[in-house]
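Colleague: Have a look; sequence and predicted model below, questions after that.
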Number of protein chains: 2
Amino acid sequence: MPIKSKLKVKNVRTCCSVHVTLVEQEPITSDQAAAMENRFKILANETRLRLLHNLARVEEMCVCDLAAAVEMTPQAISNQLQRLSDRGIVATRRSGNMIYYRLVDQCIIGLLQKALCLLDDSATVRKDQQ
Amino acid sequence: MPIKSKLKVKNVRTCCSVHVTLVEQEPITSDQAAAMENRFKILANETRLRLLHNLARVEEMCVCDLAAAVEMTPQAISNQLQRLSDRGIVATRRSGNMIYYRLVDQCIIGLLQKALCLLDDSATVRKDQQ
DNA sequence: AGACTATTCCAGCAGTCGGTGTAATAGTGT
DNA sequence: ACACTATTACACCGACTGCTGGAATAGTCT
């Protein structure tokens, strides 16, 4: 049985002005938690977030342009892109001796988008609470 | 040509029945990225995810019950709860010599919820792409 | 007060992360 | 072949993470 059916979400107003009510029957399993940890871990890095955000704005970018965009060395960028590639979040295309990266996992962007929204009005939300 | 026209509207396939539309004008700033990193970092841990998920299901739980729920030592759990508390994600209430934790940051749960959904149908989503 | 319980504090430590610098690889152009 | 560019692989290392075990703290009960 898919997880989705176990969950009931009441009142998801928008991404940002959040009033999420979670009604869950069973605690998350250790395996599920580990899978989520991996998902969040890949997003828990400033450099990778900036790379992903850059890639979300255009079709594709080569390593050197990405490196320039975030003002870091190509080695560091390549390293991070490699990890994103390993998890199937980005894909590559070679043209000459440049390698272009593009985003292929839109769900990750969904999470990123959501986090950005939450970031924006986290202050007001926090104020509303209790 | 403004970048905006390149991104247009990317309609991400409904994950968790939430339409995410990404229309961003500028690359994320370093500060924004760092703030998001912090947000994701706190979720990038199996133990914390399980604690949060447990707390999402009930009003409140004491440390020892949480420890029992995830089958770990009270010290380890207390340690993680402390971090969640430091970031205002959970709050405490003392009753006798037990301390009850409760969830106060619903935004975090929104993210958790979304990640759980994505986890569920990540296979199908990946298949659709590209 | 003394024994007991629940929780937290703290030092220690193995494991991981994320960068640097150097070298290797792959492609281009003369 | 040679020089050159873009990217990657690798060793290194400083910082952080997350657990453990022992001790300290705070409350209960007799």
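Modeller: In hand now; what should we look at?
Colleague: Distance of residue A:64 relative to DNA strand C?
Modeller: The span separating residue A:64 from DNA strand C equals 12 Å under the rule Cβ to the nearest atom of the strand, to the nearest Å. Heads up, the C-betas are built off the backbone N, CA and C, glycines and all.
Colleague: Ok, residue A:71 next?
Modeller: If you measure residue A:71 against DNA strand C using Cβ to the nearest atom of the strand, the figure is 9 Å.
Colleague: Also residue A:38?
Modeller: Applying Cβ to the nearest atom of the strand, one obtains 9 Å for the distance of residue A:38 from DNA strand C.
Colleague: For that residue, grab the count of nearby residues.
Modeller: Residue A:38 has 13 neighbouring residues, counting by other Cβ atoms under 10 Å in any protein chain shown.
Colleague: Please give me every residue in contact with it.
Modeller: Applying Cβ atoms under 8 Å, 6 or more residues apart in numbering or on different chains to residue A:38 gives the contacts residue A:87.
Colleague: Surely it forms part of a helix?
Modeller: Yes - the assignment for residue A:38 (DSSP: H, G, I helix; E, B strand; the rest coil) places it in a helix.
Colleague: Just the pLDDT for it.
Modeller: With respect to pLDDT, residue A:38 scores 94.
Colleague: Confirm for me that residue A:61 is in contact with residue A:55.
Modeller: Yes - the pair formed by residue A:61 and residue A:55 meets the contact definition of Cβ atoms under 8 Å, at 6.2 Å.
Colleague: shared neighbours, those two?
Modeller: When Cβ under 8 Å, 6+ apart defines a contact, the residues bordering residue A:61 and residue A:55 alike are residue A:101.
Colleague: Leaving out sequence neighbours, find the closest residue to residue A:101.
Modeller: Of all residues beyond its chain neighbours, the one nearest residue A:101 is residue A:90 (4.9 Å), with distances taken as Cβ to Cβ, 6 or more residues apart in numbering or on different chains.
Colleague: That should have said residue A:41, apologies.
Modeller: Of all residues beyond its chain neighbours, the one nearest residue A:41 is residue B:44 (4.1 Å), with distances taken as Cβ to Cβ, 6+ apart.
Colleague: where's the one you found relative to residue A:97, distance?
Modeller: Noted for residue B:44: a distance of 35 Å to residue A:97, by Cβ to Cβ, to the nearest Å.
Colleague: out of the two, which sits in the busier spot?
Modeller: Between residue B:44 and residue A:97, counted using other Cβ under 10 Å, the more crowded position is residue B:44 (20 against 6).
Colleague: my read: that one touches residue A:37, true?
Modeller: Yes - taking contact to mean Cβ under 8 Å, the distance of 5.6 Å between residue B:44 and residue A:37 places them in contact.
Colleague: Tell me the residues on chain A that lie near DNA strand D, please.
Modeller: A:62-64, A:67, A:74-75, A:78-79, A:81-82, A:92, A:97-100 (Cβ under 7 Å from any atom of the strand).
Colleague: from these, which would you call buried?
Modeller: The neighbour-count criterion (16 or more other Cβ atoms under 10 Å in any protein chain shown) marks A:62-63, A:67, A:78, A:81, A:100 among these as buried.
Colleague: just checking, which of the residues you listed belong to helices?
Modeller: Counting by DSSP state H, the members of these that fall within helices are A:63, A:67, A:78, A:81.
Colleague: hmm, which two among the residues you listed are most spread apart?
Modeller: Every pair in those was compared (Cβ to Cβ); the two farthest apart turn out to be A:67 and A:81, at 9.7 Å.
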